[in-house]
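Undergrad: Predicted model follows, preceded by the sequence.
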Amino acid sequence: MTDAVRLQNVSRQYTAGDRPAVYDLSLTVGDGELFVLLGPSGCGKTTTLRLIGGFERPDTGEVALYDRLVAGPGVWLPPEKRGIGMVFQDYALFPHLSVADNVAFGLTKMPRDARRARTREALDLVELLDYANRYPHELSGGQQQRVAIARALAPQPRLLLLDEPFSNLDADLRHQMRGDLVHILRRSGLTAILVTHDQQDAFAVADRIAVLNHGRLEQVGSPDELYGQPRSRFVAGFVGQANFLPGRADGKVVETELGPLLALDDPGAPAVEVLLRPEDLVLELARDGQGTVDERVFRGADTLYRVRLRSGALVRVTQVGGRPLPVGAQVHVHIRPAAAPAFAVATVSQAPVVLPS
Ligand code: ATP
């Protein structure tokens, strides 16, 4: 399969002496993939997107789009020659142009009829044909975003780049737009790369996600791979709630405060940390239990408990249904049997981390 994007050892430093915004980044995006760049503020997501789009030049390394080198030693193709569409964070619509004229803006070289037809097609794709004659200020945030997407799609790029597409939307609209965006992108059949700092946005839209931290790639994988088999403490904590418990490994058997666990691989060192998701744990009222309920948050579909263990460690546990446990209750914390046997092992700094898959 052709790769839509290939970054090879790409670095970009804005200011001498500063940490590079992106460092030695290598990744590929498949044709037709919905790919997300995820990470905290300042981790280099936007810089990576701009390197792909040609709005930044790499200091070192290569960028190839559909097997064509577009940036590298002695090679440089500007953004307008890369066949990409870009949706900016603030949408960057022209306020004095109608929706239709905004969408037609990049089609100046086409004959008038073809231009009109292409504009209608793009507006139809984002379901805004009825709004063609309105102006941006007469639209909701979600509709403005769809105009920006239609404008980026109208010249029929092979690759669409979207910078924080949901950041200007309130919570309800954000939820709806995630679904709408996936629908639009799947229907267009395009390869799309989205930047977000929000794990839920990423999980909702991505085929695969690249997690960045301090300009470096931490891990690439499908949402369930990242959640179930994170390769670092950072990824484990960034893509979901994580309990890390200290453990002592003897071969594949790891002793923890909550009992023994079986690792998939021998961690290779005795001091380990075990990752347990809140849904991997179960609470049971017990006078001689090893924990005390410290906090309870009812969330509708489930309840999130914070439990203090004898060692002082805090663990978060989600329970679905069942009798509510009061704050102060003495509880036994079990590891859900299904969570125990499947483990991946990763090594982070000095101590290996044992991570359930
Ligand atoms: P955010 O989610 O906050 O937008 P990000 O992950 O997209 O962050 P980048 O915008 O790529 O991160 O920035 C990465 C680093 O590079 C940051 O430390 C930032 O301050 C720095 N940086 C970004 N653009 C420039 C610039 N034009 N000049 C100097 N430094 C920059």
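TA: Okay, I see it. Numbering: from 1, shown residues only.
Undergrad: tell me which helix or strand of the chain sits lowest on mean pLDDT?
TA: Across the helices and strands of the chain, the lowest-confidence element by mean pLDDT, DSSP states H and E is strand 343-348, at a mean of 40.
Undergrad: Tell me who's in contact with His175.
TA: Contacts for His175 (Cβ atoms under 8 Å, 6 or more residues apart in numbering) come out as none. All C-beta spots, glycine's among them, are computed from the backbone N, C-alpha and C.
Undergrad: Just give me the longest helix of the chain.
TA: Ranked by residue count under DSSP state H, the longest helix found in the chain is helix 171-188.
Undergrad: Could you pull up the mean pLDDT of that one?
TA: Averaged across helix 171-188, pLDDT comes to 83.
Undergrad: pLDDT weak spots in the stretch 251-357 of the chain?
TA: 338-357 (pLDDT under 70).
Undergrad: if you set the cut-off to 80 instead, what comes out?
TA: Residue ranges of the stretch 251-357 of the chain with pLDDT under 80: 262-269, 337-357.
Undergrad: how about the strands in it?
TA: Ranges of strands within the stretch 251-357 of the chain are 253-256, 259-262, 271-276, 281-285, 291-298, 303-309, 314-319, 330-335, 343-348, 351-356, based on DSSP state E, counting those that start in this stretch.
Undergrad: Repeat that for the stretch 51-200 of the chain.
TA: Using DSSP E, counting those that start in this stretch, strands in the stretch 51-200 of the chain cover 60-65, 68-72, 75-76, 84-87, 159-163, 191-196.
Undergrad: Give me the contact status of stretch 177-197 with the ligand.
TA: Yes. Between stretch 177-197 and the ligand, judged by Cβ under 6 Å from any ligand atom, the touching residues are His197.
Undergrad: Return the distance of that stretch from the chain's centre.
TA: Counting by Cα atoms, centre = their mean, to the nearest Å, stretch 177-197 is centred 13 Å from the centre of its parent chain.
Undergrad: buried stuff in that stretch?
TA: Buried residues in stretch 177-197, counted by 16 or more other Cβ atoms under 10 Å: 177-178, 180-182, 184-185, 188, 190-197.
Undergrad: before we move on, what about stretch 239-257?
TA: Applying 16+ other Cβ under 10 Å to stretch 239-257 flags Val239, Gly240, Ala242, Asn243, Phe244, Leu245, Gly247, Ala249, Val254, Glu255, Thr256, Glu257 as buried.
Undergrad: Between these, which sits nearest Pro157?
TA: Nearest to Pro157 out of the buried residues of stretch 239-257 is Val239 (Cβ to Cβ; 29.3 Å).
Undergrad: Against the ligand, how distant is that closest one?
TA: Applying Cβ to the nearest ligand atom, to the nearest Å, the value for Val239 to the ligand is 16 Å.
Undergrad: That residue against Pro230, yeah?
TA: Yes. Between Val239 and Pro230 there is a contact under Cβ atoms under 8 Å: 6.6 Å.
Undergrad: interface residues of the protein facing the ligand?
TA: So the chain meets the ligand at Tyr14, Thr15, Ala21, Gly39, Ser41, Gly42, Cys43, Gly44, Lys45, Thr46, Thr47, His197 (Cβ under 6 Å from any ligand atom).
Undergrad: Please identify which pair of these lies farthest apart.
TA: Thr15 and His197 (22.3 Å).
Undergrad: Asp224: neighbour count?
TA: By the criterion of other Cβ atoms under 10 Å, Asp224 has 10 neighbours.
Undergrad: Ser26 now?
TA: Under the criterion other Cβ under 10 Å, the count of neighbours that Ser26 has is 13.
Undergrad: list the helices and strands the helix or strand where it lies packs on?
TA: Assigned by DSSP states H and E, Ser26 belongs to strand 22-30. When contacts are defined as 3 or more Cβ pairs under 8 Å, 6 or more residues apart in numbering; DSSP states H and E, strand 22-30 packs onto strand 3-12, helix 45-53, strand 60-65, strand 191-196, strand 208-213, strand 216-221.
Undergrad: Tell me the helices and strands packed up against the longest one.
TA: Judged by 3+ Cβ pairs under 8 Å, 6+ apart, strand 3-12 is in contact with strand 22-30, helix 45-53, strand 60-65, strand 191-196.
Undergrad: Name the residues that touch the last one?
TA: Identification of contacts with strand 191-196 by Cβ under 8 Å, 6+ apart yields 4-5, 29-38, 45-46, 48-49, 52, 158-167, 185, 201-202, 205-206.
Undergrad: Give me whichever of the helices and strands packed on strand 3-12 is most buried.
TA: strand 191-196 (a mean of 26; mean count of other Cβ atoms under 10 Å).
Undergrad: and it, which strands flank it?
TA: strand 34-38 (parallel), strand 159-163 (parallel) (DSSP bridges).
Undergrad: Any of the contacts of strand 191-196 buried? List them.
TA: Buried, going by 16+ other Cβ under 10 Å: 4-5, 29, 32-38, 45-46, 48-49, 52, 158-166, 185, 201-202, 205-206, out of the contacts of strand 191-196.
Undergrad: do you know how far the residue lying closest to His137 once chain neighbours are set aside is from Pro136?
TA: The shortest distance from His137 to any non-neighbouring residue, by Cβ to Cβ, 6 or more residues apart in numbering, is to Pro95 (6.4 Å). Going from Pro95 to Pro136 by Cβ to Cβ, to the nearest Å gives 5 Å.
Undergrad: Compare these two (neighbour count), which wins?
TA: Using other Cβ under 10 Å as the criterion, Pro95 and Pro136 rank with Pro136 on top: 18 against 8.
Undergrad: these two touch, right, that one and Ala100?
TA: No. Counting by Cβ under 8 Å, Pro136 does not reach Ala100; the two are 11.7 Å apart.
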